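K.L.:
Build the 3D model from these lines:
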Amino acid sequence: MKKQARFWQPQKDNIVQCMLCPHTCTLKPENHGICGVRTNQSGKLYSLIYGSCSSISVDPIEKKPLYHFLPGSSAFSIGSVGCSFTCAHCQNYSISTAKPAHYQMQELTSEEAVSLAQENNCQSISFTYNEPTIWHEYSFDTAKQAKKQGLFTSYVTNGYINEDPLREIAPYLDAMNIDVKAFHEDFYHNVCKAQLQPVLQTCMLAKTLGIHIELTYLVIPTMNDSIEEITKFCTWVVEQLGNNIPVHFTRFHPDYKMANLFATPIDTLKNIYEVAKQSEINFPYLGNAPSLEHENTFCPKCNNLLIERSGFSTNIIGLNKNKCKKCGVEMPIVIDQS
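P.N.:
Okay, the predicted model is just below:
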């Protein structure tokens, strides 16, 4: 569905500049932004995907992955098409590269999304699958509606959003899993056609705004897996965000334009986990590697097992609300106590 966009500025000769993300695309009439879903029509910027869903599902919140946000709950998960990045390794490329006019989608009002979430006993609505920040008009309206009905909300995002739109949605956005794809600019420039620094700024601003954040770092062999780079990333997390931020180091599987690479070796993941712990990250996790036991949550003070996970199955065994049953220390875990 087409709807006039937010966050843009008119220029001369019916040209517009989109101000939603750091690309700040300047568009002549009938042109599209990098995301493929925002277009200049007669000197006004429009979103072409308002309420248009490519994917609708009920997922475990752990699938996002969000391990410290409503553990064990279900999230009503919706996504559209398009993306502000053009990652060569995208595992959802069938929708991230799709054009709105060429993909069969289901129209869903904000009210319908909230009702379906409630009907399916979901505690939250998650904007996911493709990049939710480019869906701003719809996700903003839907998040507001969700909060009115007592639901939580989350983004699974690449973090490429400008400050003003993030501040606008922040009061209605409870959690973000932000994908930090590497910790050097060359990777972002060559692989994603974007920049790293705006992503880091989003992480810091989201924390300042009181949004629960977790980070995901997809470990790609030969591309972003050096111990030096991982160490720098972990140091940045601790210094800028704190050592209680959950960090998910996930295993790469060859896909899209990187099908020639190999899957991340298990030993690499184990080494990265140790680097994270040595960097004083309290809650590192390893993902996409079900043979490992690095998905459980332990108390950083007394090492009590708090949450046991096997795939997307979650067993909360060591928490009393959000406090460790053994030592009583409060954990940075969002529990619905209503």
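K.L.:
Which stretches in the stretch 201-338 of the chain count as helices?
P.N.:
Taking DSSP state H, counting those that start in this stretch, the helices of the stretch 201-338 of the chain run over residues 227-236, 266-278.
K.L.:
TSV for these, including mean neighbour count, distance to C299 and mean pLDDT?
P.N.:
Where you see a C-beta, it was placed from the backbone N, CA and C, and this is true even at glycine. Shown next, in TSV, are the helices of the stretch 201-338 of the chain (neighbours: other C-beta atoms under 10 Å; distance: least, C-beta to C-beta, whole Å; pLDDT from 0 to 100):
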stretch	mean neighbour count	distance to C299	mean pLDDT
helix 227-236	17	20	98
helix 266-278	16	14	97
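K.L.:
In a markdown table: those, plus distance to I134.
P.N.:
Below are those laid out as a markdown table (distance: least, C-beta to C-beta, whole Å):
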| stretch | distance to I134 |
| --- | --- |
| helix 227-236 | 25 |
| helix 266-278 | 30 |
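K.L.:
where does the protein dip in pLDDT?
P.N.:
For the chain, applying pLDDT under 70 flags the ranges 337-338.
K.L.:
And for the longest strand seen in it, what's in contact with it?
P.N.:
Of all segments of type strand in the chain, defined using DSSP state E, the longest is strand 212-219. Residues from elsewhere that reach strand 212-219 (C-beta atoms under 8 Å, 6 or more residues apart in numbering): 65-69, 89, 174-181, 203, 206-207, 224-225, 230, 233, 237, 241, 245-252, 264, 268-269, 272, 287, 334.
K.L.:
Just the ones of these in strands?
P.N.:
Counting by DSSP E, the contacts of strand 212-219 place 175-179, 247-251, 287 in strands.
K.L.:
May I ask which two of the residues you listed are separated the most?
P.N.:
Greatest spacing in the ones in strands among the contacts of strand 212-219, by C-beta to C-beta: A175 and R251 (22.9 Å).
K.L.:
Look at those two and report which has more neighbours.
P.N.:
Applying other C-beta atoms under 10 Å to A175 and R251 shows that A175 carries more neighbours, namely 24 against 20.
K.L.:
Please verify my assumption that the more buried one contacts P71.
P.N.:
No: between A175 and P71 there is no contact under C-beta atoms under 8 Å: 11.8 Å.
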